[in-house]
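Novice: can you look at this prediction? I've put the sequence above it.
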Amino acid sequence: MPAKSFILLNWGIYMFSVVTASAFTDAELTVAVILLFIAVVVLVVIQVESIVKSIKNKNDAEKLAEVDLTTGIGNRVHLAREYEKIPAEIRHEYALICFHLDSEHVERAFGRTALINYIKNSITAIKEYASPDDSFARVIGAGLVALAHVDDENIRIGLIHILRKIRSDITNLDPLFTGTIAAGVYRLKDTDNDVHKSIFNAWQTAEMAADAGEDFLFCTDELVKQFDEERSLRTEIGRAFDNHEFVTYIQFCVDTPSARIVGGEALARWNHPEKGVLSPAKFIPFMERENIISRMDYYTLEEVCKFLEKVSTLGIKDFFISCNFSRKTYAEEDFVKKCEKIIQKYRFDRNMLVFEITESAEEKNTDIINQNSREIKELGIRILLDDFGEGFASFYDLHEYPIDGLKLDKALVDRYDTEKGNAILRGMTRMGHEMNLTVVVEGVESDEQVNELKNIKCDIIQGFRYHRPIPVSDAWNTLLGEVERERQVV
Ligand code: C2E
Ligand code: CA
Ligand code: CA
């Protein structure tokens, strides 16, 4: 368009100069001036039109940039704009509410179209209880988010109805729906000015509610502090993998009657450059929440395979190392394939490898975990049900999973000297044996406990009484020492 206007303008100037330079009559000159005037008007109209059009295009593009194309509601950009509009002095009157809808579960079970309908129905349910001035967005990584001008009491009332409605919609689609639907509320502070951080706080609170089986939770100052620490943890974890800061420790287990080492459990540690050696409690639960736990699990598995290959060269038989897997890792579609890919790189008898799986109160992903367990067993790997008897006994898991052994939790052995505690410990061991399972007892710290476990005839003991977890390189030296000692005895 500017090129066209430029030609027109040049043409007009040319005409004008030609006309004035020639000896034309007054009438001809007037016609020329009129023509020139028309040319200028046309030129101006074209210019204005093009400016208006470009402004409109810009507005359309800006509007489009604020829309979530799947649902038609706003996206993160939209929410950020609405957030910035709130005057700082009344920010505390607003809350950000995140909805954890377990969309992955719905998509996996019913496909993309059902998922979109589910999200749209959820938006309708939320809007029914919202005021017309509230803003909504679908934020990638944080689900549905509402920015509402509302007090806590009304949030509570609204959420009870909204969550009930969303749940009834999804159970109409799938009466056996086992996904988690929950919400997290973050009340803004007047000093808040980072929308992404506020969304993060609301989202983490929603995740926490989902994990705790609560309908909804309000974010507190302590939680904000914890989330801040976790934000820095996230960047640190990426670096830690790159810098090989995660290390595998081995805690040896012994045969109950002879106290000979018969195997061990691999336990992750973080060799943090400033904080020193960190125990799993400092990073495993976070990794589970962030869905990055499988990286840790596969990393430890590979370290264990390397170790077992080395152990095989010593000619040691009847030895095992067990690996912990989060149920989340265990439930991954490609779990068996990934494990196989790692294991096949190393030469050792597959019988030496044991996978530990923890029991769980929720019957979540049980079908896939069951299927994966069967395939894992086909590879020759043994399976141990970990933390058995911690809080509740999952007889479902006992019945369903193709396990080879039970690991009785520390809580059981701690109560060995009470009448009931002793009866439970004996009962569990007998039950394990009747099911042809190896019974391991963990957390054993004293001679008295060892004596009782000998009486009860539990098979294997793991605990500080005999061995503490040590770095895998030290574990290798311990094993070498054991082999040497046994040779001398022979
Ligand atoms: P767990 O699987 O139940 O592991 C046993 C825990 O009990 C270990 O804690 C071990 O150090 C501790 N323990 C063993 N014997 C005794 C004892 O006699 N007394 C006491 N007080 N404690 C004892 P740790 O190493 O802190 O690990 C904690 C949990 O972290 C593990 O519990 C396991 O669930 C998890 N974990 C460790 N490594 C990994 C990993 O690579 N992947 C996954 N998903 N989880 C891991
Ligand atoms: Ca374990
Ligand atoms: Ca355990």
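Specialist: Thanks, I have it. Ligands and ions are numbered 1, 2, ... in the order given.
Novice: and Thr248, which of the three is it?
Specialist: strand (DSSP: H, G, I helix; E, B strand; the rest coil).
Novice: same check on the one 5 residues further on?
Specialist: Secondary structure assignment for Cys253 (three-state DSSP): strand.
Novice: wait, it sits on Ile460?
Specialist: Yes. With contacts defined as Cβ atoms under 8 Å, Cys253 counts as touching Ile460 at a distance of 5.1 Å. Where you see a C-beta, it was placed from the backbone N, CA and C, and this is true even at glycine.
Novice: what packs against the longest helix along the chain?
Specialist: Secondary structure of the chain read by DSSP state H shows that its longest helix is helix 26-65. Packing partners of helix 26-65 (3 or more Cβ pairs under 8 Å, 6 or more residues apart in numbering; DSSP states H and E): helix 2-21.
Novice: need the contact list for Ile116.
Specialist: Thr70, Thr71 (Cβ atoms under 8 Å, 6 or more residues apart in numbering).
Novice: wait, is it part of a strand?
Specialist: No. Using three-state DSSP, the assignment for Ile116 is helix, not a strand.
Novice: angle of the strand ranked longest in the chain against strand 246-255?
Specialist: Longest strand of the chain, by residue count under DSSP state E: strand 261-272. Put simply, strand 261-272 runs at 160 degrees to strand 246-255, going by axes from the mean of the first three to the mean of the last three Cα atoms, to 10 degrees.
Novice: in the next helix or strand after strand 261-272, which residues are buried?
Specialist: Toward the C-terminus, strand 261-272 is succeeded by strand 276-278 as the next helix or strand (DSSP states H and E). Using 16 or more other Cβ atoms under 10 Å as the test for burial, strand 276-278 gives Leu278.
Novice: which strands and helices lie in contact with strand 276-278?
Specialist: By 3+ Cβ pairs under 8 Å, 6+ apart, strand 276-278 packs against strand 261-272.
Novice: right, is the strand it packs on up against ligand 3?
Specialist: No. Using Cβ under 5 Å from the ion, we find that strand 261-272 stays clear of ligand 3, coming within 8.1 Å at best.
Novice: that strand pairs with which strands, and in what direction?
Specialist: As defined by DSSP bridges, the strand partners of strand 261-272 come to strand 246-255 (antiparallel), strand 276-278 (antiparallel), strand 320-325 (parallel).
Novice: run through who's touching the shortest one.
Specialist: So the one you mean is strand 276-278. Contacts of strand 276-278 (Cβ under 8 Å, 6+ apart): Arg269, Trp270, Asn271, His272.
Novice: what residues are shared contacts of Cys253 and Ile460?
Specialist: With Cβ under 8 Å, 6+ apart as the test, Cys253 and Ile460 both reach Val262, Gly263, Val440.
Novice: my read is that the first one contacts Ile316, right?
Specialist: No. Using Cβ under 8 Å, Val262 is not in contact with Ile316; the gap is 9.8 Å.
Novice: those two: who's more crowded?
Specialist: Val262 (19 against 16; other Cβ atoms under 10 Å).
Novice: just list the residues touching Ile123, thanks.
Specialist: Thr71, Ile73, Phe136, Leu144.
Novice: between those, which has the most around it?
Specialist: Leu144 (25 neighbours).
Novice: are we agreed that it is in a strand?
Specialist: Yes. With three-state DSSP as the criterion, Leu144 is part of a strand.
Novice: and for it, nearest residue in space, chain neighbours not counted?
Specialist: In this structure, Leu144 finds its nearest non-sequential neighbour in Phe99, 4.3 Å apart by Cβ to Cβ, 6 or more residues apart in numbering.
Novice: who does the one you found bridge with?
Specialist: Here Phe99, judged by DSSP bridges, has bridge partners Leu144, Ala183.
Novice: tell me what the closest residue to ligand 2 within the stretch 201-350 of the chain is bridged to.
Specialist: Nearest to ligand 2 in the stretch 201-350 of the chain, going by Cβ to the ion, is Asn324, at a distance of 4.5 Å. Counting by DSSP bridges, Asn324 is bridged to Glu356.
Novice: give me the pLDDT for it.
Specialist: Here the pLDDT value assigned to Asn324 is 97.
Novice: count of neighbours near it?
Specialist: Quick note: Asn324 (other Cβ under 10 Å) scores 22 neighbours.
Novice: off-centre distance for the longest helix of the chain?
Specialist: Helix 26-65 sits 56 Å away from the centroid of its parent chain (Cα atoms, centre = their mean, to the nearest Å).
Novice: list the buried residues of it.
Specialist: Neighbour-count burial for helix 26-65 [16+ other Cβ under 10 Å]: Ala32, Leu36, Ala39, Leu43.
Novice: next helix or strand past it?
Specialist: helix 76-85.
Novice: one step back: my read: the residue of the stretch 201-350 of the chain closest to ligand 2 touches Gln251, true?
Specialist: No. Between Asn324 and Gln251 there is no contact under Cβ under 8 Å: 11.3 Å.
Novice: find residues that contact each of the two.
Specialist: Glu265, Leu267.
Novice: confirm Glu89 sits in a helix?
Specialist: Yes. Using three-state DSSP, the assignment for Glu89 is a helix.
Novice: got a list of what it touches?
Specialist: Asp190.
Novice: quick check, pLDDT for it.
Specialist: 96.
Novice: for Asp133, see how far away it is.
Specialist: Glu89 is 18 Å from Asp133, where distance means Cβ to Cβ, to the nearest Å.
Novice: returning to what we had before: ranking the strands paired with strand 261-272 by burial, who's on top?
Specialist: strand 320-325 (a mean of 24; mean count of other Cβ atoms under 10 Å).
Novice: and the chain, which residues reach ligand 3?
Specialist: Going by Cβ under 5 Å from the ion, the residues of the chain near ligand 3 are Asp386, Asp387.
Novice: ok, now with 6 Å
Specialist: Within the chain, the residues that sit near ligand 3 (Cβ under 6 Å from the ion) are Asp386, Asp387, Lys407, Glu442.
Novice: ok, and what's touching the strand or helix carrying the third one?
Specialist: Remark: Lys407 resides in strand 405-408, with elements defined by DSSP H and E. Taking Cβ under 8 Å, 6+ apart as the criterion, the residues outside strand 405-408 that touch it are 354, 356, 382-389, 398, 425, 428-429, 432, 437-442, 458, 462.
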